[in-house]
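> 3D model of this:
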Amino acid sequence: MWQNLYNRLKEFLSTKYRIEFIEDVSLRQSYSFTQKVSGLLLIGGGAFLVIALLSICFVLFTPGMRRLIPGYEDPTALKEKQEELVHQIVASEERFTRIQYFLESIRTIAGGRPDSVLLDSLSKGYRPPAEPDYPETNTPQTDEKPVKLTNDEATPMRVVYTTNNADQGGARSFNPLLHLFPPIKGEISNGYNESKKHYGVDIIAADNTLIKSIADGFVVISEYSYETGHVIGIMSPGNLLTFYKHNSRLLKKLGDYVYAGEAVAVIGNSGENSSGPHLHLEMWQQGKAIDPAQYIPFR
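Numbering: from 1, shown residues only. Okay, here's the model as predicted:
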């Protein structure tokens, strides 16, 4: 019985078969070959082994795929990584919520309707995530004054600070309010008055006057508001937030980095709250409004 089965299997494996490829329309034979069943099994088995070997190499030498191997990673370590990922996701969600609340606070101030609850987010000291190196926290005590390098609109104007006593010792905390550039030169028509909720100063200047940034920083808002017209807001070192309102045209867009003295807008009369061409400048630090006239000479 077993001998008979062996002979039949041997005969089957040694039998040759012809495989032909015939065109469907013309029925012309384009290719053909003969092969034993044993040869076909060897070819198929070899292809299977090659595919299996490549799959194993892919899993072994790909870091992300190694975790699919049962028992490869310690269950305790895997659980710790999962908990760490959960903490990172929660932290990212909280950060996203803070950013949304922060931007909502900025839009509230830019629209001329400061809210004490929203302003609390500004007091947290949040700063946009991508920013270049700001001045060191401790700097030498110097007598500093701004030096205007150029006033060409095509070339951004940098403000540098020269010192007359660079060799003197001592250290002090960096105060951004001591390094401000006048946005325009003109007469103050309406000063800062917190009791009347006028959280800035109105400066009158000639038509088409370029409004310049008072400090280095990122543009955090650049849009049109019904009440304040074309408004641009800049976040600067030291958590200093400045708004330039009622412009006729904005020269910078959201996310731009600007330098002190660089033109960011053109004076105008846009917005419902404006009664004539002027700049309404507001300064906020730690969620509190600051009188710009105390730190910036406008004449």
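
> what ranges do the strands span in the stretch 1-150 of the chain?
16-22, 29-36, 138-140, 144-148 (DSSP state E, counting those that start in this stretch).

> Quick one: mean pLDDT over the first one.
Going back to what we said before, that points to strand 16-22. For strand 16-22, the mean pLDDT works out to 83.

> ditto for the longest one
Mean pLDDT, strand 29-36: 80.

> Now do it: distance to the chain's middle.
63 Å (C-alpha atoms, centre = their mean, to the nearest Å).

> buried stuff in stretch 215-231?
215-222, 225, 228-231 (16 or more other C-beta atoms under 10 Å). For the C-beta atoms, the positions are set from N, CA and C on the backbone; glycine is no exception.

> Spit out the contact partners of the closest residue to residue 186 other than its chain neighbours.
Counting by C-beta to C-beta, 6 or more residues apart in numbering, residue 186 lies nearest to residue 205, which is 3.8 Å off, once chain neighbours are set aside. Residue 205 is in contact with 184, 185, 186, 267, 277, 278, 279, counting by C-beta atoms under 8 Å, 6 or more residues apart in numbering.

> Would you mind writing the ChimeraX command to select the buried ones in those residues?
Burial among those is assessed by 16+ other C-beta under 10 Å; the matching ChimeraX selection reads:
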select :184,186,267,277,278,279
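
> Can you name the two of the contacts of residue 205 that sit furthest apart?
Spanning the widest gap among those are 185 and 277, at 14.5 Å by C-beta to C-beta.

> Where does pLDDT dip in this structure?
64, 66-74, 101-102, 105, 107-176 (pLDDT under 70).

> Can you show me the helices along it?
For the chain, the helices defined by DSSP state H cover 2-14, 37-61, 75-110, 116-122.

> Let me have those helices in TSV, extended by distance to residue 296.
Formatted as TSV, these follow (distance: least, C-beta to C-beta, whole Å):
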stretch	distance to residue 296
helix 2-14	97
helix 37-61	63
helix 75-110	19
helix 116-122	20
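
> winner for burial among these?
Here the criterion is mean neighbour count by mean count of other C-beta atoms under 10 Å, and of those the winner is helix 116-122, at a mean of 15.

> burial measure for residue 21, as a count.
10 (other C-beta atoms under 10 Å).

> ok, now how distant is the residue nearest to it when sequence neighbours are not counted from residue 46?
Nearest non-adjacent residue to residue 21, counting by C-beta to C-beta, 6+ apart: residue 31, 4.4 Å away. Taking C-beta to C-beta, to the nearest Å as the measure, residue 31 falls 21 Å from residue 46.

> Sweet, I'm off.
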